[in-house]
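Undergrad: build me a structure from this.
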Amino acid sequence: PGGPGAGYTFSAREDGRTLVVQGSRLARLIPGIGRHEGRDRLRGVAGFVTDNDGIKSASWIEGNTAYSLDLECDAPESPRCDLTALRAEVERLVFVGGAGPRGGGR
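TA: Below is the predicted model:
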């Protein structure tokens with residue numbers, strides 16, 4: 001389902017930090033659960049920010065695509081690996097190639 005180009009994953013590791021970005025144009029609504037809007041603001045839209053066992057995660061929908069960014073560090077207590085650092089990485093993302101959000105480049 002979805003075919004080629006429906007999603008992607010990219011990971012990078014540097015200086016004890018690993019970032020993983022995922023994007024997908026596919027969505028599945030689970031009956032009885034519906035859609036839930038996140039309380040956090042990410043890139044100007046509602047989203048979710050979590051810390052699960054030291055792995056920081058952010059997820060949001062932008063331009064009809066669902067994104068997530070995970071941040072994992074060798075030293076999770078480092079300021080370079082807190083929720084502020086995660087939010088900064090989310091805001092630093094830029095569109096490359098393709099049409100970009102809502103048909104315009106960024």
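Undergrad: now residue 16. Nearest residue, chain neighbours left out?
TA: Nearest non-adjacent residue to residue 16, counting by Cβ to Cβ, 6 or more residues apart in numbering: residue 74, 3.8 Å away. In this view, the C-beta of every residue, glycine as well, is placed from N, C-alpha and C.
Undergrad: quick check, residue 57 in contact with residue 69.
TA: Yes: here residue 57 reaches residue 69: they are 7.2 Å apart, a contact under Cβ atoms under 8 Å.
Undergrad: for residue 51, what are its contacts?
TA: By Cβ atoms under 8 Å, 6 or more residues apart in numbering, the contact list for residue 51 reads 57, 83.
Undergrad: and the gap between residue 74 and residue 51?
TA: 16 Å (Cβ to Cβ, to the nearest Å).
Undergrad: I meant to write residue 92 there.
TA: 19 Å.
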